[in-house]
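Trainee: take a look and give me a structure for this.
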Amino acid sequence: MENIDLSFFLEPPVLDTAALLTIEALYPLSMVPAQPGAYYRSQAHPTDPMIFGMLENALGWHFGEKERSEFLKDLRKTASKKHNKQAKWKDSDWLSGRSSGSGSGFTSLLMYHMHVDTHWLPQVMEYDDLWSQHLHDVGANFMGGSKHYDGDLESLINRSKTPDTTKPINPKTKKYPPLIEFGESTTHQKLTREDATILPSGAVHFKSVRDGYPLYYVSPKRRGYVVPQSPYRYRIMTTLTLANLIQIALNDPASPLYLGSNDGWVDVNWEQL
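Mentor: Reported below is the predicted structural model:
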């Protein structure tokens, strides 16, 4: 951490240095720009925040969301003291902190000092595959997400899938309600696990059986991938200081370079124009 140099941020973002960025995929890429639902649809090309994130990996800037926010706040405060009286920068995004960010909540440190000016995008081959999403969940989703649970819950779980034909059919679902209904409303009973396992029917709060499920589990998701038929090429405008930092970093990246999911490995070339 002590060797990380973020002083480039204190310079006004005068983007007078051009570079050609070439990205060659070494593996199928899955570039999902926002938090998805059940289907992780990949874009055909990376977004600007994805490109900036990849370059930050090369620079070794692995900051958590809170830490990143604090860095930006401190850097902006210091930059404002030096440049806020200049009309050109007073209301700039750089000093005001305005940002469109990314769909995933990622805020890049490079976003004010780097601009994707022109791009040359390749044709891509697309396909879907199953992907394992690793989850650590203390909420109610574990019941639908994990297929593993303690054996003494088997009878109770079976009753939660058995229709109770003594009750009226639900007019919306056109089905009988189950013997055991799990939920988290005030009408769901909070029982000990032992009492829950012998309950013949009723509404049971999910916390009654939480300790019978793992906190960590894997959920299969459908995910889109693309295989670029040639490299992505971008003309980047930036500051001379940042261009030099990136050139040095890409000659000896601090970590493997990837786009999208962390197995989307790429080879990157940076040529200052």
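Trainee: the helices in the chain, which residues?
Mentor: 48-59, 65-83, 87-90, 93-96, 142-145, 154-160, 193-197, 240-251 (DSSP state H).
Trainee: switch these over to JSON lines; also include mean neighbour count and distance to Y39.
Mentor: Where you see a C-beta, it was placed from the backbone N, CA and C, and this is true even at glycine. What follows is these, written out as JSON lines (neighbours: other Cβ atoms under 10 Å; distance: least, Cβ to Cβ, whole Å):
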{"stretch": "helix 48-59", "mean neighbour count": "21", "distance to Y39": "19"}
{"stretch": "helix 65-83", "mean neighbour count": "14", "distance to Y39": "25"}
{"stretch": "helix 87-90", "mean neighbour count": "11", "distance to Y39": "43"}
{"stretch": "helix 93-96", "mean neighbour count": "17", "distance to Y39": "33"}
{"stretch": "helix 142-145", "mean neighbour count": "16", "distance to Y39": "16"}
{"stretch": "helix 154-160", "mean neighbour count": "15", "distance to Y39": "27"}
{"stretch": "helix 193-197", "mean neighbour count": "16", "distance to Y39": "34"}
{"stretch": "helix 240-251", "mean neighbour count": "17", "distance to Y39": "33"}
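Trainee: can you tell me which of the ones you listed is nearest to W120?
Mentor: Among the helices of the chain, helix 48-59 comes nearest to W120, with 13.7 Å by Cβ to Cβ.
Trainee: ok, residues contacting the closest one?
Mentor: Applying Cβ atoms under 8 Å, 6 or more residues apart in numbering, the contact partners of helix 48-59 are 4, 21, 23, 31, 33, 46, 62, 101-102, 104, 106, 108-111, 114, 116, 234, 245-246, 249-250, 253-260, 266, 268.
Trainee: what mean pLDDT does that helix get?
Mentor: Here helix 48-59 scores 94 as its mean pLDDT.
Trainee: what of stretch 212-228?
Mentor: Averaging pLDDT along stretch 212-228 gives 87.
Trainee: try stretch 80-97
Mentor: Stretch 80-97 comes out at a mean pLDDT of 84.
Trainee: and if you look at stretch 262-269?
Mentor: Stretch 262-269 shows a mean pLDDT of 94.
Trainee: can I get it in PDB, CA atoms only?
Mentor: C-alpha atoms of stretch 262-269 as PDB (Å, rounded to 0.1, in the frame of the first residue of the first chain):
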ATOM      1  CA  ASN A 262     -12.000 -13.100 -13.300                       C
ATOM      2  CA  ASP A 263     -11.300 -16.000 -15.600                       C
ATOM      3  CA  GLY A 264     -11.700 -13.700 -18.700                       C
ATOM      4  CA  TRP A 265      -7.900 -13.400 -19.100                       C
ATOM      5  CA  VAL A 266      -6.600 -10.900 -21.600                       C
ATOM      6  CA  ASP A 267      -3.300  -9.800 -23.100                       C
ATOM      7  CA  VAL A 268      -2.900  -6.000 -23.200                       C
ATOM      8  CA  ASN A 269      -0.700  -3.700 -25.200                       C
END
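Trainee: contact partners of it?
Mentor: Residues from elsewhere that reach stretch 262-269 (Cβ under 8 Å, 6+ apart): 20-31, 54, 58, 250, 253, 256-259.
Trainee: filter these down to the buried ones.
Mentor: Among the contacts of stretch 262-269, those scoring as buried are 21, 23, 25, 28-31, 54, 58, 250, 257-259 (criterion: 16 or more other Cβ atoms under 10 Å).
Trainee: quick revisit: possible to save the helices of the chain as CSV with distance to K172?
Mentor: Below are those laid out as CSV (distance: least, Cβ to Cβ, whole Å):
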stretch, distance to K172
helix 48-59, 41
helix 65-83, 40
helix 87-90, 58
helix 93-96, 49
helix 142-145, 19
helix 154-160, 19
helix 193-197, 27
helix 240-251, 57
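Trainee: V204 is nearest to which of those?
Mentor: Of all the helices of the chain, helix 193-197 sits nearest to V204, with 5.5 Å by Cβ to Cβ.
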